[in-house]
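J.: Here is a sequence together with a model predicted from it:
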Amino acid sequence: MFGAGIERARSYAGQLTRRGEELGLIGPQELSRLWSRHLLNCVLLAPLLRPGRVGDVGSGAGLPGIVLAIARPDVHIVLIEPMERRTEWLRDEAERLGLANVEVLRARAEDISDLALDQVTARAVAALRTLIPLTAPLVRAEGELLLMKGARVAEELTAARKAIAAARLRDVEVLELGAGLGTETTRVFRASVG
Ligand SMILES: C[S@@+](CC[C@H](N)C(=O)[O-])C[C@H]1O[C@@H](n2cnc3c(N)ncnc32)[C@H](O)[C@@H]1O
């Protein structure tokens with residue numbers, strides 16, 4: 001799944017294991033399932049990316065943004081994260097891993113006005129009804145949202161009906177990825193904007 005990026009993925013996982021807990025990026029109980037629950041879960045999104053500019057809102061430790069930048073060197077990834085300590089980590093990792101396709105933006109999504117991204121991803125940032133108004137304005141017309149969600153996605157979808165209409169989303173669907181791969185099923189809310 002990582003293709004030629006597998007050594008970079010291993011290096012990223014190693015650095016997260018060494019420093020992630022100390023920097024408050026990942027809980028200690030997550031370290032043993034870093035691949036199955038985090039890296040593999042995120043890399044499942046890689047085939048859905050189009051060549052272009054993709055933003056990852058609330059990137060945190062770099063999930064899914066750094067993982068996607070490793071798996072898709074043909075895509076420019078903008079990591080959007082407001083917390084200084086996390087943006088420092090993201091910049092350091094992008095440099096250490098030699099990821100020339102990564103840009104780090106220290107900002108809250110709602111404070112950004114002029115990105116016109118082709119696609120936006122997010123994972124573990126907020127429920128859909130809050131997340132859609134945060135992410136849809138960052139996407140150009142005909143662009144796409146790819147929002148990673150947990151098992152409660154159906155309830156979130158029901159609660160987000162007004163937000164979906166207000167953002168003029170089209171072709172709304174929930175994809176289930178990774179069945180049979182030994183990872184947790186990854187659910188992705190996908191919709192076109194405008
Ligand atoms: C629970 S963490 C998830 C981090 C990562 N996406 C993951 O899956 O491990 C949520 C992240 O979203 C960031 N965040 C929260 N509100 C945000 C906003 N309005 N705009 C951008 N990022 C935000 C937080 O600083 C934090 O790093």
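T.: In hand now; what should we look at? Note that this is a predicted model, so its numbers are computed, not measured. Residues are numbered from 1 along each chain as shown.
J.: hey, let's count contacts and neighbours off CA atoms from now on
T.: Will do.
J.: For the chain, which residues are neighbours of the ligand?
T.: Proximity of the chain to the ligand is confined to 57-61, 63, 80-83, 108-110, 122-125 under the rule Cα under 6 Å from any ligand atom.
J.: of those, buried ones?
T.: 57-61, 63, 80-82, 109, 122-123 (16 or more other Cα atoms under 10 Å).
J.: show me where pLDDT drops low in this structure?
T.: Residues of the chain that meet the criterion pLDDT under 70 lie in 182-183.
J.: one more time with 90
T.: Of all residues in the chain, those with pLDDT under 90 make up the ranges 1, 28, 31-32, 36-37, 114, 178-185, 194.
J.: what packs against the longest strand anywhere in it?
T.: In terms of residue count, the longest strand belonging to the chain (DSSP state E) is strand 139-149. Where contact means 3 or more Cα pairs under 8 Å, 6 or more residues apart in numbering; DSSP states H and E, strand 139-149 is packed against strand 117-123, strand 186-193.
J.: Can you give the strand pairings for that strand, parallel or anti for each?
T.: Note on strand 139-149: by DSSP bridges, its sheet partners are strand 117-123 (parallel), strand 186-193 (antiparallel).
J.: list the buried ones in that strand?
T.: 139-140, 143-149.
J.: same deal with stretch 17-36?
T.: 17, 20, 25-26, 31, 34-35.
J.: Next: stretch 66-75.
T.: 66-73, 75.
J.: can you map out the helices along this structure?
T.: 6-19, 40-43, 65-71, 84-96, 128-135, 153-159, 161-166 (DSSP state H).
J.: ranking the helices and strands packed on strand 139-149 by burial, who's on top?
T.: strand 117-123 (a mean of 24; mean count of other Cα atoms under 10 Å).
J.: now that one against helix 128-135, angle please.
T.: Between strand 117-123 and helix 128-135, the angle comes out at 140 degrees (axes from the mean of the first three to the mean of the last three Cα atoms, to 10 degrees).
J.: do you know how far Gly3 is from Glu95?
T.: Computed as Cα to Cα, to the nearest Å, the Gly3 to Glu95 distance reads 20 Å.
J.: do the same with Leu44
T.: 24 Å.
J.: Compare these two (neighbour count), which wins?
T.: Between Leu44 and Glu95, counting by other Cα atoms under 10 Å, Leu44 is the more crowded of the two (22 against 12).
J.: Could you list the alpha-carbon positions for stretch 115-132 in PDB?
T.: C-alpha atoms of stretch 115-132 as PDB (Å, rounded to 0.1, in the frame of the first residue of the first chain):
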ATOM      1  CA  LEU A 115      -6.800  27.900  -0.400                       C
ATOM      2  CA  ALA A 116      -9.300  26.500  -3.000                       C
ATOM      3  CA  LEU A 117      -8.000  22.900  -2.500                       C
ATOM      4  CA  ASP A 118      -8.900  20.000  -4.700                       C
ATOM      5  CA  GLN A 119      -9.700  17.700  -1.800                       C
ATOM      6  CA  VAL A 120      -9.800  18.000   2.000                       C
ATOM      7  CA  THR A 121      -9.300  15.100   4.500                       C
ATOM      8  CA  ALA A 122      -9.800  15.100   8.200                       C
ATOM      9  CA  ARG A 123      -9.600  12.400  10.900                       C
ATOM     10  CA  ALA A 124     -10.800  12.600  14.500                       C
ATOM     11  CA  VAL A 125     -11.400  16.300  14.500                       C
ATOM     12  CA  ALA A 126     -15.200  16.700  15.000                       C
ATOM     13  CA  ALA A 127     -18.600  15.200  14.200                       C
ATOM     14  CA  LEU A 128     -19.800  15.700  10.600                       C
ATOM     15  CA  ARG A 129     -22.200  18.500  11.500                       C
ATOM     16  CA  THR A 130     -19.300  20.600  12.900                       C
ATOM     17  CA  LEU A 131     -16.700  19.300  10.500                       C
ATOM     18  CA  ILE A 132     -18.500  20.000   7.200                       C
END
